[in-house]
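>>> Next come a sequence and a model predicted from it.
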Amino acid sequence: MSKNVLIVGTGTIGEPLIGLLAVLKKDLDIDDVAFYKRTPLINEFAKVESLCKKGAKLIVQDDNNRKLFQHLGHRVSDTFENALKKADVVIDCTPAGNKMKEDYYSAPSKKKQVFIAQGSEKGFGIPYAYGINDAVFDKNPDCKFIQVVSCNTHNIACLIDTFTGNDNLISGDFTCMRRANDVSQDGGYIASPTVGVHKDAEFGTHHAEDVYDLLKTVGKAPNIFSSALKVNSQYMHMVRFNVVIEGEITRQEVIEGLLLNPFVALTHKDSSNQVFSFGRDHGFYGRTYNQAVVHVPSLHVSRANGNTRIVGFSFTPQDGNSLLSSVVATIRALHEHKYRQYLPTVDQTLFEWI
């Protein structure tokens, strides 16, 4: 059987995902990695050529687009219609995943296909985060549509999962301090920190609601609330957490629990630029793939009336954690029950300390 992957989009998620899968395709037993780019742009010539040199194949809209890309000097492998038919897994990394599902992905196919979209595309399919709700696929082995949740959803869900392994959460309050835009983006920067509003009476912002929907897939219904603001930085998101759990544990026990979770990295670095730089210098493809990077000095643990309150800050490796979940969702779809034998290749990207 063929094992072909098509990535749609070459933006902040698509570009590194194409590179990751192209570089790792032999280790992950993938036959072909192709990527669809809609518009030929001279200022993105180098990006496209670099991805092709890594072993990915360029896919364009149609024969008219083929000529435009070839005019720039690109080697085009196929058109989107043909590539879509050949693909076993399609990973949509655009903000139009739900529209693409309506227009293309829901069409009948002669072969089994799995479609994966990213965090912004709520409702696309089963929400998923690697290591958080993998059990959902045991209940839905023929799942066709998957939504890899956002980076902050990964972070918050990971913290809840770590602190409340025995399902002893009483409440969780989270403030998401979001960076203005990605370092690769020119637009969307802000002049100063800007607060968000609580649009949802139960959850506050969509961040808590998204975590709730994720954990609901494995039978959990956490009592959580979130707030959000944007800061004038391009480096990383951060989450301030305030979690109350049943039972009394010490600060050292909290740290030991964090260390036991492979998806958590611990750090003594105080600033997001230092944490970001570590991933750039030491991470595979310049990324940090952990779901949360917990700042150890900020951890405050207090106990009262048989309960424990855990307060602190966690850096969010935006894109990195969702990239990892996208890769795992892909190898699950390609290799089914044998997918676990490929996880060591994925897990080696995780840090214990930053």
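Nice, thanks for sending it over. Residues are numbered from 1 along each chain as shown.
>>> so where do the helices sit in the stretch 251-354 of the chain?
For the stretch 251-354 of the chain, applying DSSP state H, counting those that start in this stretch gives helices covering 251-260, 272-282, 320-335, 343-347.
>>> quick check: mean pLDDT across the third one?
If you average the pLDDT over helix 320-335, you get 97.
>>> in it, what's buried?
Neighbour counts using 16 or more other C-beta atoms under 10 Å place 320-335 of helix 320-335 among the buried residues. Just so you know, the C-beta spots here come from the backbone N, C-alpha and C atoms, and that holds for glycine as well.
>>> Quick check, His295 in contact with Thr267.
Yes: with contact defined as C-beta atoms under 8 Å, His295 and Thr267 form a contacting pair (5.9 Å).
>>> Find the residues that touch each one of those two.
Phe315 (C-beta atoms under 8 Å, 6 or more residues apart in numbering).
>>> Nearest to His206, out of the helices of the stretch 251-354 of the chain?
helix 320-335 (15.5 Å; C-beta to C-beta).
>>> circling back: so which of the helices of the stretch 251-354 of the chain gets nearest Ile354?
helix 272-282 (4.9 Å).
>>> Residues contacting the closest one, please?
Applying C-beta under 8 Å, 6+ apart, the set of residues contacting helix 272-282 is 179, 233, 235-236, 238, 267, 269, 286-288, 293, 315, 317, 320, 351, 354.
>>> Just the CA trace of the lowest-mean-pLDDT helix or strand in the chain, in PDB.
When each helix and strand of the chain is scored by mean pLDDT, DSSP states H and E, helix 136-139 comes last, with a mean of 90. What follows is helix 136-139, C-alpha atoms only, in PDB (Å, rounded to 0.1, in the frame of the first residue of the first chain):
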ATOM      1  CA  VAL A 136     -10.300   8.700  21.300                       C
ATOM      2  CA  PHE A 137      -9.000   6.800  18.200                       C
ATOM      3  CA  ASP A 138      -9.600   3.500  19.900                       C
ATOM      4  CA  LYS A 139     -13.300   4.400  20.000                       C
END
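>>> Show the subsequent helix or strand relative to that helix.
strand 145-148 (DSSP states H and E).
>>> Now do that next one, average pLDDT.
Here the average pLDDT along strand 145-148 is 98.
>>> packing partners for it?
Applying 3 or more C-beta pairs under 8 Å, 6 or more residues apart in numbering; DSSP states H and E, one finds that strand 145-148 contacts strand 114-117, strand 126-128, helix 320-335.
>>> List the pairing partners of it within its sheet, with orientation.
strand 114-117 (parallel), strand 126-128 (parallel) (DSSP bridges).
>>> circling back: are any of the contacts of helix 272-282 buried, and if so which?
Of the contacts of helix 272-282, these count as buried by 16+ other C-beta under 10 Å: 179, 233, 235-236, 238, 267, 269, 287-288, 293, 315, 317, 320, 351, 354.
>>> Specify which member of the residues you listed is nearest to Gly73.
Arg287 (28.5 Å).
>>> List the residues that contact Asp142.
With C-beta under 8 Å, 6+ apart, Asp142 has no contacts at all.
>>> Give me the pLDDT value at it.
87.
>>> where do the strands sit along the stretch 151-300 of the chain?
Taking DSSP state E, counting those that start in this stretch as the test, the strands found in the stretch 151-300 of the chain are 169-179, 194-195, 224-231, 237-246, 264-267, 292-295, 300-304.
>>> Check those for me and report the most buried one.
Greatest average neighbour count among the strands of the stretch 151-300 of the chain goes to strand 292-295 (a mean of 26), per mean count of other C-beta atoms under 10 Å.
>>> Please compute how far that strand lies from its chain's middle.
16 Å (C-alpha atoms, centre = their mean, to the nearest Å).
>>> strands paired with that strand, and their directions?
Sheet pairing here is set by DSSP bridges, and for strand 292-295 it gives strand 264-267 (parallel), strand 307-316 (antiparallel).
>>> Next, format those strands as CSV and append mean pLDDT.
What follows is the strands paired with strand 292-295, written out as CSV (pLDDT from 0 to 100):
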stretch, mean pLDDT
strand 264-267, 98
strand 307-316, 98
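>>> All set, thanks.
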